[in-house]
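> predicted structure and sequence below. I'll ask about it afterward.
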Amino acid sequence: MASHSGLLTVMERAARKAGSKLRRDFGEVEHLQVSRKGPADFVSKADHQAEKTLVEELQKARPDWGFLLEEGGVIDGDPTKPRWIIDPLDGTTNFLHGIPHFAISIAVEEPQYGSAKREITTGLIYQPVTDESYWAEKNRGAWRHDQRLRVSARRDLADCVIATGIPFMGHGDMAQWTRVYGAVAPSVAGIRRFGAASLDLAHVASGRYDGYWESGLQPWDVAAGLLLVREAGGFASDFRGGDQSIERKEVIAGNDAIHSKLHKLVAGALR
């Protein structure tokens, strides 16, 4: 049985409290008051309510920590302390269309002493509809509830199902994506697009997907998921093969062999 830290207990409690409200709102999705956030990007009352619940719960436990929030932006905390990176509802479009595939993502980013860099050390992705909780702590592995996660063992792209995100109105670079898709698709058993990057990475960590690539990502989309993949024995990088996924807003993920083969295809398509 996996026992996680007090910090993860705090995170899970906050996610479950926000998640139970999201579940209830999801059941009433047609009655939600929806406001327009940008082209083809709707934000719901539920999204804001979930974020408010998460901030309140996490502030109670760690009052001097800052936040990087999808809806609320930056809330400053003590710069020598960790900060929370939160997506209160990853998969908003799915949620608003009644598609039961969305998640809450919470990551902890800690300052590294003697360096300007910060590092993700704890991550939690909670899927309210299935009640699945994925979590990872640095050097302690990745887990779904109390089950240890490992990335897929497949080595041949021809056997692999790869996840991605597809650009849409006002979001992403369609020409770049089309070039990469044209390189990857003929080499793999299937490509999936489910509309929640946090869950795509959780599913790579659990071996459901063999690999994943996407660009145009925000820190709250991927912070927790990147840690999950790495703690499950996988590799996650930017499109150049470096560790700047968050800064460059792009991810390639998989086991060592599949990550390497995907990286070659992506890099070749973008030359």
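The structure has been received and is ready for your questions.
> shaky segments in the chain?
1-3, 30-43 (pLDDT under 70).
> helices of the stretch 51-200 of the chain, start to end?
All helices of the stretch 51-200 of the chain, identified by DSSP state H, counting those that start in this stretch, fall at 92-96, 174-184, 197-205.
> was I right about residue 205 contacting residue 151?
Yes. Contact criterion CB atoms under 8 Å: residue 205 and residue 151 qualify, at 6.4 Å. No exception for glycine: its C-beta is placed from N, CA and C like everyone else's.
> which one's more surrounded, the two?
residue 205 (32 against 27; other CB atoms under 10 Å).
> which residues are in contact with that one?
134, 136, 142, 149, 151, 225, 228, 229, 231, 232, 234 (CB atoms under 8 Å, 6 or more residues apart in numbering).
> give me the common contacts of residue 205 and residue 151.
In contact with both residue 205 and residue 151: 229, 232, 234, using CB under 8 Å, 6+ apart.
> most neighbours among the residues you listed, which one is it?
If you rank those by neighbour count (other CB under 10 Å), residue 229 sits at the top with 30 neighbours.
> okay, angle between the helix or strand hosting that residue and helix 197-205 too, please.
For residue 229, the element it lies in under DSSP states H and E is helix 219-231. Angle, helix 219-231 to helix 197-205, by axes from the mean of the first three to the mean of the last three CA atoms, to 10 degrees: 10 degrees.
> ok, then the element right after helix 219-231?
strand 235-237.
> can you tell me the strand partners of that following strand and which way each runs?
strand 250-254 (antiparallel) (DSSP bridges).
> how about the CA coordinates for the partner strand, as PDB?
The C-alpha trace of strand 250-254 is given here as PDB (Å, rounded to 0.1, in the frame of the first residue of the first chain):
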ATOM      1  CA  GLU A 250       5.600  21.600 -26.000                       C
ATOM      2  CA  VAL A 251       5.900  18.000 -24.900                       C
ATOM      3  CA  ILE A 252       7.000  14.700 -26.300                       C
ATOM      4  CA  ALA A 253       6.500  11.800 -23.800                       C
ATOM      5  CA  GLY A 254       6.900   8.000 -23.700                       C
END
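> check which residues of the following helix or strand past that strand are buried.
Once strand 250-254 ends, the next helix or strand along the chain (criterion: DSSP H and E) is helix 256-270. For helix 256-270, burial by neighbour count (16 or more other CB atoms under 10 Å) applies to 257, 258, 259, 261, 262, 263, 265, 266, 269.
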